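Asker: sequence first, then the predicted structure, then my questions.
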Amino acid sequence: MRRIHRRGALAFSAASAASALLAASGCGQRSAPASAGAPATAGPAASPAPGSVAITQEDIDWFRRSTAEWIPCESGAPGIVPPDLSLEQFGDALEAGDTTASPVIDRFVKVSAAFFLHASFAPGHYGFLPPFGKRNAFDVTDEHIRLLQHANWRTFMIDCKRPYGDFTHYEIDMADILGLKVTKDAKGYAQIGSDAEKRMDALHADMLYALQAYIRFARLGPGRYVVPERGFAQTVGRPLCRPVSATRIAMYQRALAAAGPRPDTRRTAALNEAAAALFALD
């Protein structure tokens, strides 16, 4: 059975190859990216880091007004819905290109990508004020963090058919991510036992509250942050729960510089690989 964490290694390997290709084309390394959680203050003459966007305290406060909502399809899974939009409006705007909601979506993608790549989020006891659902607080564990990191994210929502891997029997994927024992029955099907399945089901349901805790409490300060373009951020974005490494940011910046304003197919593919590597886990 495929291990979920292998995706990170494969994406990093692909992006390394892309970086080597771009370097061979004469693209040198750009200036260092802005540090996560702090503004870039290199001086009045300093240029913004390539691929960076400004995230203000107003943006951060606005993002914290987002809500975690349960998507009731297939197995069901949580996702993040922007402030002042319903889940239905958000879905329509993404799928149909609703121009009236476009500024909200553009802002949401930018700020969410900055959180996903540069914010820190740790296990702990988090109080909800106002209450979320019927809960005043929630205890985020290491297991919740690992599942947030390794879930199948699709446009800031966890895939409700295959939330954590290749199985529609998602409890098996969860057990694999969490390092639980997975065996095979007489027919060769993976199984974890009824008790473990019940625990995985409860853990999956609690991901709604873990995600809401992330929205309200993931740590990110105002500043300039390197994020991929909207199309890449929507398709490969996932909460790392720890700041992305400077190595991967520099790799993405080299790909971005080489792509130019009118990238050809080869350059676009290299940029896509580098963007995917930003969100890959070690």
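Answerer: Arrived safely, thanks for sending.
Asker: what pLDDT does the model give the residue located most distally from the centre of the chain?
Answerer: Outermost residue of the chain with respect to the C-alpha centroid, by CA atoms, centre = their mean, is residue 186; its distance is 37.7 Å. Note for residue 186: predicted pLDDT of 85.
Asker: can you tell me the SS state at it?
Answerer: coil (DSSP: H, G, I helix; E, B strand; the rest coil).
Asker: now it: phi and psi?
Answerer: phi -60, psi -20 (degrees, to the nearest 10).
Asker: tell me, how many residues neighbour residue 81?
Answerer: Using other CB atoms under 10 Å, residue 81 has 22 other residues around it. The C-beta positions use only the backbone N, C-alpha and C, and glycine is treated the same way.
Asker: how close does it get to residue 260?
Answerer: 35 Å (CB to CB, to the nearest Å).
Asker: check residue 156 too.
Answerer: 28 Å.
Asker: does residue 175 really touch residue 182, like I thought?
Answerer: Yes - Residue 175 is within contact range of residue 182, at 5.4 Å (criterion: CB atoms under 8 Å).
Asker: any residues in contact with both of the two?
Answerer: Common neighbours of residue 175 and residue 182 (criterion: CB atoms under 8 Å, 6 or more residues apart in numbering): residue 192.
Asker: between the two, who's got more neighbours?
Answerer: Comparing residue 175 with residue 182 by other CB under 10 Å, the one with more neighbours is residue 175, at 22 against 16.
Asker: look up the closest residue to the more buried one, ignoring the ones flanking it.
Answerer: Among residues not flanking residue 175 along the chain, residue 192 sits closest, at 4.7 Å (CB to CB, 6 or more residues apart in numbering).
Asker: repeat for residue 152
Answerer: Of all residues not flanking residue 152 in the chain, residue 159 sits nearest, at 4.0 Å (CB to CB, 6+ apart).
Asker: show me the contacts for that neighbour.
Answerer: By CB under 8 Å, 6+ apart, the residues touching residue 159 are 77, 151, 152, 153.
Asker: do you know how far it is from residue 235?
Answerer: Counting by CB to CB, the gap from residue 159 to residue 235 is 12 Å.
Asker: then residue 245?
Answerer: For residue 245, the distance to residue 235 equals 21 Å [CB to CB].
Asker: which residue comes closest to residue 167 once chain neighbours are left out?
Answerer: Leaving aside its sequence neighbours, residue 167 sits nearest to residue 173 (CB to CB, 6+ apart; 5.0 Å).
Asker: that's a helix at that neighbour, yeah?
Answerer: Yes - according to three-state DSSP, residue 173 belongs to a helix.
Asker: tell me, how many residues neighbour it?
Answerer: Residues lying near residue 173 (other CB under 10 Å) number 26.
Asker: and for residue 74?
Answerer: By other CB under 10 Å, the residues close to residue 74 number 13.
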